[in-house]
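S.K.: Just need the structure, nothing else, for what follows:
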Amino acid sequence: MPNPFRAGLLILYVASLAASTAAAADEAAVDFAAEVKPILASKCWNCHGPDEQTREADLRLDRREDAAGVLEAEGDTPAALLERITATDPDLQMPPPSTKKPFSQHERQLLTRWIEQGAVYEQHWAFQSPRRSDPPSLPDSTGGRNPIDRFVIARLQAENLQPSPAADRTTLLRRLSFDLTGLPPSIEQVEAFLADRSADAYEKQIDRLLDSPRYGEHMAVPWLDAARYADTDGYQNDRYRYMHVWRDWVVLSLNENKPYDQFIVEQLAGDMLPDATLKQQVATGFCRNHRINSEDGSIPREWHVENVVDRVDTLGTAILGLTVACARCHDHKYDPLSAKEYYQLFAYFNNVPEWGVGPNNGNSPPFIPVPESWPDLAAEENVAVVPEPLKLRRARETKGNGLQRPQPGGPQTVMVMQEMPTPRPTYLLTRGQFDLPDKSQPLQPGVPAALDGFRDASSEPSLPGNRLGLARWLVDPRHPLTARVAVNRMWQQFFGVGLVKTSENFGLQGELPSHPELLDWLAVEFVESGWDVKALQKLILMSDTYRQSSRTTPELASRDPENRLLARGPRFRLHPFALRDAALASSGLLVERIGGPPAKPYMPPKIWRSISNNTYKQDQGEQLYRRSLYTFWRRTIPPPTMVNFNAAEREVCVVRKGQTNTPLQALTLMNNVTFVEAARQLAAEMLRHADEPSAAIEFGFRRLLARRPSSAEAALLNDAHAAFAAKYDNQPAAAEKLLDIGETPRDAALDPSQHAAMTMTASLMMNLDEAITKE
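M.R.: Below is the predicted model:
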């Protein structure tokens, strides 16, 4: 029997320990950025924040100097804010009950402690220049291959967690191949890696993949999403445009490892560089990828504003990682960005000799002709050219409707940026409306003050008030956001979630970084490497953190479902482009040729006719098997297969897409012409490889998954194949119908029933979860 007295003492001891722990917590300094600012931003700033138009009681709580009167006690009278947040009287209580945003008890306690500790304000972490801190020290036995691991392991130890063991070599090579090229490794590449027992075998595979021409094609995809690249204008009939030359510039720039700062400068202001080249001029197509309206009822002035707004918003999301669009109509309610500052950014992009309405088909001025030897230009060809002046014509020569359109450019042109000799005036637009300019105060180009604190205006030369000055400002090594945002998206691409989950929003409403010291360390490393993208990616891929097995336990999955703590390796469904490209590659159908006009592969019949009078004319031959990167992208009706698997629609800048799981995805993989044809071609390769079905199945399994099947997996697949074979032996017409899918001629030397049975077996393997997942 337990001693009741001793049990009582134990209870008293535990209670005393808990009380002392709680008291110690009460004494701890409250972290304003991590704990207080999110509460104020979500519960207070809508009425007492930066936006003057919605501010109430002339009280501003987002700045210490404006809030001092309600934060400081006077004699025995407590701080006014403290009284309001603890009040029970509905007439005094803040937030008011009508907002339906009450403070939780924990939030009240945090705010109370913060006020009692002096109500110290700190600048938002993302608006301060990154600082490199020393990686945490770890015992020698802990492991950790590079500084990344030391940051991650230290965080895991603080959470009483351990990293996972390394993934097996085959899984690692498949993971690397998809991450760097968007394609699976070949059987020969897997065998060579497994046979290489040298200490640097893994590193050699990274270097091989970084040097592959397929690298630039794969890495271009997220940038094309951010740059809202498409092959049509995006409105009503959604007519053709010709920007594939800019797309190919991106691929080539990534393959040559153009430094990221140069990559950004050329796209924003390549035409303004001294002795600008034609390729640098082509790079500015980034700023012209926005939608252009050509509807008959369009007002050119209105849509000119929309074009410039799109450039500003894209700059904000793609490069700054901020929701600057919120300040178009009013001062930003959460971030220190005023409407005036929004239109100062607007002024950088408002000096293009363009017409707000598009030509209805073809490129809209300014555009330049592209030499037929693109991209292999002779020195005399690689010189920037002056676009022809804007020429206007009537929209309808016979009926006429008063609308003027620009003279269009054809497929041998690309839209670019150009500066007008006399700058176009910029004004703050009241409520963001094109016809309500505040002409009392013309605005000059300028950057937000909250992001410009790293520059010493008294001692540093001022930057020119044009796009080139803006670009130089963005890539200043001390800039608080540019490197962080870029590094975070690289991490997101490899791990599925960025160190800052909200990769589109580093502002006050965005999520805090899971590993802030690691993010800053990587940002500084990136800048000091000379903005070397491949070097930074290699550093991440060489880490033990990246090499971990993705296997998890129910406990870990419950505690950290998104793997934010990085206690295991990345595992998520392949990008929609990679799903299609992997099927083509595994079957031998993929055409590996860089660049050129967009391809029009298989598409559901009459799909374009559903909303317009345009007809989709499918390509033939090798264009059917180009990489998905080169698929014709119509904004109003993007390729259904890609959209089914959560590809960005490309109407506006997108840097993060969630993943969904729907029955339609399974139906696509089993029935879409591309996937059925790929299964048919893979089956032919399997049958030619081995006469015995089990050996043929193992060959196809290795083509798709890189590894050999287990005995249990092989048995199931062989049983499935036997059932398919029995079916098609008795149904030769069904076999012929299956083998007739797709444009590739069938190998007549193969028995139709055997070929059909192996096609279904290949399709089954292509639909395995592992086949569509990065493990």
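S.K.: from here on, contacts and neighbour counts on C-alpha atoms
M.R.: Will do.
S.K.: What is the burial count for the closest residue to His124 other than its chain neighbours?
M.R.: Closest residue to His124 apart from its sequence neighbours, by Cα to Cα, 6 or more residues apart in numbering: Ala33 at 6.3 Å. The number of residues packed around Ala33, counting by other Cα atoms under 10 Å, is 16.
S.K.: Ala33 contacts Ala126, correct?
M.R.: No. With contacts counted by Cα atoms under 8 Å, Ala33 stays clear of Ala126, the gap being 10.2 Å.
S.K.: Assumed the residue nearest to His124 was part of a helix.
M.R.: Yes. Using DSSP: H, G, I helix; E, B strand; the rest coil, the secondary structure at Ala33 is a helix.
S.K.: Return the residues in contact with it.
M.R.: Ala33 makes contact with Glu122, Gln123, His124, Trp125, according to Cα atoms under 8 Å, 6 or more residues apart in numbering.
S.K.: ok, residues contacting the helix or strand that Tyr343 is a member of?
M.R.: Using DSSP states H and E, Tyr343 falls within helix 339-348. Residues from elsewhere that reach helix 339-348 (Cα under 8 Å, 6+ apart): 308-309, 312, 324-325, 327-332, 425-429, 443-448, 465-467, 470.
S.K.: Mind giving me the ChimeraX command for buried ones among these?
M.R.: A single ChimeraX command selects the buried members of these (16 or more other Cα atoms under 10 Å):
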select :308,309,312,324,325,327,328,329,330,331,332,426,427,428,429,443,444,445,446,447,466,467,470
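S.K.: Which of the contacts of helix 339-348 fall in strands?
M.R.: Thr426, Tyr427, Leu428, Leu429, Leu443 (DSSP state E).
S.K.: For the third one, give its distance to Arg328.
M.R.: Distance of Leu428 to Arg328, computed by Cα to Cα, to the nearest Å: 9 Å.
S.K.: ok, now the second one?
M.R.: Applying Cα to Cα, the value for Tyr427 to Arg328 is 12 Å.
S.K.: Kindly report the same for the first one.
M.R.: Using Cα to Cα, we find Thr426 at a distance of 13 Å from Arg328.
S.K.: count of neighbours near Thr636?
M.R.: 19.
S.K.: just Pro366 next, same as before
M.R.: Pro366 has 26 neighbours, counted by other Cα under 10 Å.
S.K.: same deal with Ala379?
M.R.: Neighbours of Ala379 under the rule other Cα under 10 Å: 9.
S.K.: cool, and Gln537?
M.R.: Gln537 has 18 nearby residues by other Cα under 10 Å.
S.K.: show me the contacts for it.
M.R.: Met490.
S.K.: Distance-wise, check it relative to Pro147.
M.R.: 14 Å.
S.K.: what sits up against stretch 319-338?
M.R.: 41, 45-46, 49-53, 312-313, 316-317, 339-340, 342-343, 429-433, 448, 450, 481-482, 485-486, 503-509.
S.K.: now with 6 Å?
M.R.: 50-51, 313, 316, 339, 342, 431-432, 481-482, 485, 504-507 (Cα atoms under 6 Å, 6 or more residues apart in numbering).
S.K.: From the residues you listed, keep the buried residues only.
M.R.: Looks like the contacts of stretch 319-338 have 50-51, 313, 316, 339, 342, 432, 481-482, 485, 504-507 buried, using 16+ other Cα under 10 Å.
S.K.: Rebuild those as JSON lines, extending it with distance to Ile772, pLDDT and secondary structure.
M.R.: Shown next, in JSON lines, are the buried ones among the contacts of stretch 319-338 (distance: Cα to Cα, whole Å; pLDDT from 0 to 100; DSSP: H, G, I helix; E, B strand; the rest coil):
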{"residue": "Pro50", "distance to Ile772": "46", "pLDDT": "82", "secondary structure": "coil"}
{"residue": "Asp51", "distance to Ile772": "47", "pLDDT": "81", "secondary structure": "coil"}
{"residue": "Asp313", "distance to Ile772": "34", "pLDDT": "98", "secondary structure": "helix"}
{"residue": "Gly316", "distance to Ile772": "33", "pLDDT": "98", "secondary structure": "helix"}
{"residue": "Ala339", "distance to Ile772": "45", "pLDDT": "97", "secondary structure": "helix"}
{"residue": "Tyr342", "distance to Ile772": "43", "pLDDT": "98", "secondary structure": "helix"}
{"residue": "Gly432", "distance to Ile772": "44", "pLDDT": "97", "secondary structure": "helix"}
{"residue": "Leu481", "distance to Ile772": "34", "pLDDT": "98", "secondary structure": "coil"}
{"residue": "Thr482", "distance to Ile772": "33", "pLDDT": "98", "secondary structure": "helix"}
{"residue": "Val485", "distance to Ile772": "28", "pLDDT": "98", "secondary structure": "helix"}
{"residue": "Glu504", "distance to Ile772": "26", "pLDDT": "98", "secondary structure": "coil"}
{"residue": "Asn505", "distance to Ile772": "29", "pLDDT": "98", "secondary structure": "coil"}
{"residue": "Phe506", "distance to Ile772": "31", "pLDDT": "97", "secondary structure": "coil"}
{"residue": "Gly507", "distance to Ile772": "34", "pLDDT": "95", "secondary structure": "coil"}
